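Undergrad: here is a sequence together with a model predicted from it:
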Amino acid sequence: MTSVLHDERLTAAVAAVRATGAGSVLDLGCGDGDLILRLAGEPGIGRILGLDIDRAALTRLRARLDRLPDAARARVTVQAGSMIEASPALCGFDCATLIETIEHLAPADLSRLERAVFAGMRPRSVVVTTPNAEFNRLLGVPAQRMRHPGHRFEWDRARFARWAGGIAARHGYRVRTGPVAGCHPDLGGASQMAVFALPAAPDRSSPGV
């Protein structure tokens, strides 16, 4: 994906996180930290944990974090680990992000990811982006090919919406999906986003009607 589309996707992800009002963010599959570096500059976010199974990527991320101002650097922790395994350290966050991450999983592992994130970690909101296969022709990707050799699948918009809707129904979240980056009137965006949110707890301080 071009740098312009990559920048648009990150901008959209930060805006989605900001809109949730999250004070803590868990970035699953954080890589070398493009999203984390942006989130570290958000004044409303006091705690960020980046998780990735790729230790080399985390080494690059730590080097980038060392160049941040001390106050921003202090809000960020990085950890090696798998996003398909829920651990106590990954629970209690307001928002989890999976930005261009799920397509790197084997399809058989998607159910493990679902259980880990939506049943185990259970953040108040979850922001997911993944490539939109319909847009590939505009990027010059040949038919029956994927954008990156590490991608295990790429979905069209209808398939992504079914996946997101199924998770929301099974785990008590609301979800909305939409296009991200370089949006085309017929083919959608280069990426697609789902924002999951748990319903707000009822306010029991007020008398019933």
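TA: Sure thing, it's come through. Numbering: from 1, shown residues only.

Undergrad: all strands for the chain, in order.
TA: 24-28, 47-52, 76-80, 95-99, 125-131, 174-180, 191-197 (DSSP state E).

Undergrad: now render those strands as JSON lines, adding distance to residue 35, mean neighbour count and mean pLDDT.
TA: Using the backbone N, CA and C atoms, a C-beta is placed for each residue, glycine as well. Shown next, in JSON lines, are these (distance: least, Cβ to Cβ, whole Å; neighbours: other Cβ atoms under 10 Å; pLDDT from 0 to 100):
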{"stretch": "strand 24-28", "distance to residue 35": "6", "mean neighbour count": "26", "mean pLDDT": "99"}
{"stretch": "strand 47-52", "distance to residue 35": "8", "mean neighbour count": "22", "mean pLDDT": "98"}
{"stretch": "strand 76-80", "distance to residue 35": "11", "mean neighbour count": "16", "mean pLDDT": "98"}
{"stretch": "strand 95-99", "distance to residue 35": "5", "mean neighbour count": "26", "mean pLDDT": "99"}
{"stretch": "strand 125-131", "distance to residue 35": "10", "mean neighbour count": "26", "mean pLDDT": "98"}
{"stretch": "strand 174-180", "distance to residue 35": "13", "mean neighbour count": "17", "mean pLDDT": "97"}
{"stretch": "strand 191-197", "distance to residue 35": "13", "mean neighbour count": "23", "mean pLDDT": "98"}
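
Undergrad: make CSV out of those strands and add distance to residue 163.
TA: Formatted as CSV, the strands of the chain follow (distance: least, Cβ to Cβ, whole Å):
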stretch, distance to residue 163
strand 24-28, 16
strand 47-52, 21
strand 76-80, 27
strand 95-99, 12
strand 125-131, 9
strand 174-180, 9
strand 191-197, 8
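
Undergrad: what's the angle between the longest helix along the chain and strand 174-180?
TA: Secondary structure of the chain per DSSP state H: the longest helix is helix 3-20. Per axes from the mean of the first three to the mean of the last three Cα atoms, to 10 degrees, the angle that helix 3-20 makes with strand 174-180 is 160 degrees.

Undergrad: what pairs with the closest residue in space to residue 12 that isn't next to it in sequence across the strands?
TA: Of all residues not flanking residue 12 in the chain, residue 180 sits nearest, at 4.7 Å (Cβ to Cβ, 6 or more residues apart in numbering). Counting by DSSP bridges, residue 180 is bridged to residue 191.

Undergrad: if you count neighbours, what's buried in stretch 26-40?
TA: 26-37, 39-40 (16 or more other Cβ atoms under 10 Å).

Undergrad: keep only those of those that are in helices.
TA: Among those, DSSP H puts 34, 35, 36, 37, 39 in helices.

Undergrad: distance of the last one from residue 106?
TA: From residue 39 across to residue 106, the span is 28 Å (Cβ to Cβ, to the nearest Å).

Undergrad: check the first one too.
TA: In this structure, residue 34 and residue 106 are 24 Å apart, going by Cβ to Cβ.

Undergrad: what of the third one?
TA: When distances are taken as Cβ to Cβ, residue 36 and residue 106 turn out to be 25 Å apart.

Undergrad: again, but for residue 51
TA: Using Cβ to Cβ, residue 51 is found at 18 Å from residue 106.

Undergrad: now residue 41
TA: For residue 41 relative to residue 106 (Cβ to Cβ), the value is 34 Å.
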